[in-house]
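Peer 1: From the sequence below, what's the structure:
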Amino acid sequence: MAHYRPNVAALVLNREGKLLVCERVNSKGAWQFPQGGADPGEKLRKALAREVEEEIGLPANSYRILEKRGGYTYLYPKQVRKQKSYFDGQIQTYYLCRLKKSAPEIELGEHKNPEFKSYKWIEPEDFKLKWLPEFKRQVYRAVMLDFFGVRL
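Peer 2: The predicted structure is shown next:
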């Protein structure tokens with residue numbers, strides 16, 4: 001039986017309904033949603049607030065959670081499993097969030113080890129599977145269909 005790491009991800013919408021995607025620091029053309037693991041014993045909403053603030057500089061009071069869906073899983077490829085030997089993959093909970101009028105600008109790289117080098121706002125149907133490693137694609141297909149009715 002696979003051992004999954006709990007993980008949270010944010011689908012951030014701006015006031016025009018566009019979706020935030022962020023480009024990974026070490027992978028040109030690799031765009032994804034802000035996300036990260038929950039620490040042992042940490043509640044998922046607290047993990048979401050921590051990850052969103054760390055990765056894109058938005059405090060929890062700058063967005064509203066509109067919807068939450070969980071149970072999305074993927075297995076790490078063998079080379080990643082060797083590095084993260086305790087877990088076989090991740091089980092993700094996605095939160096659909098809308099920015100409030102008072103939200104500050106997105107701020108990447110505020111902490112010691114920034115994960116993203118740039119960001120952009122897109123229509124959900126403009127998301128491209130080629131931005132992702134193969135092992136994450138089935139989750140993104142399900143998430144985009146479940147939240148936006150978009151088939152990738």
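
Peer 1: Give me the distance from the helix or strand where residue 6 lies to the chain's centre.
Peer 2: Using DSSP states H and E, residue 6 maps to strand 4-13. A distance of 5 Å separates the centroid of the chain from that of strand 4-13, by C-alpha atoms, centre = their mean, to the nearest Å.

Peer 1: Would you mind identifying the next helix or strand past it?
Peer 2: strand 19-24.

Peer 1: tilt between that following strand and strand 4-13?
Peer 2: Relative orientation of strand 19-24 and strand 4-13, computed by axes from the mean of the first three to the mean of the last three C-alpha atoms, to 10 degrees: 120 degrees.

Peer 1: So for strand 19-24, what gets flagged as buried?
Peer 2: 19-24 (16 or more other C-beta atoms under 10 Å). Just so you know, the C-beta spots here come from the backbone N, C-alpha and C atoms, and that holds for glycine as well.

Peer 1: Now do the helix-or-strand element of the chain with minimal mean pLDDT: which elements does it pack against?
Peer 2: Across the helices and strands of the chain, mean pLDDT, DSSP states H and E gives its lowest value to helix 78-83, namely a mean of 76. Of the remaining helices and strands, none touches helix 78-83 by 3 or more C-beta pairs under 8 Å, 6 or more residues apart in numbering; DSSP states H and E.
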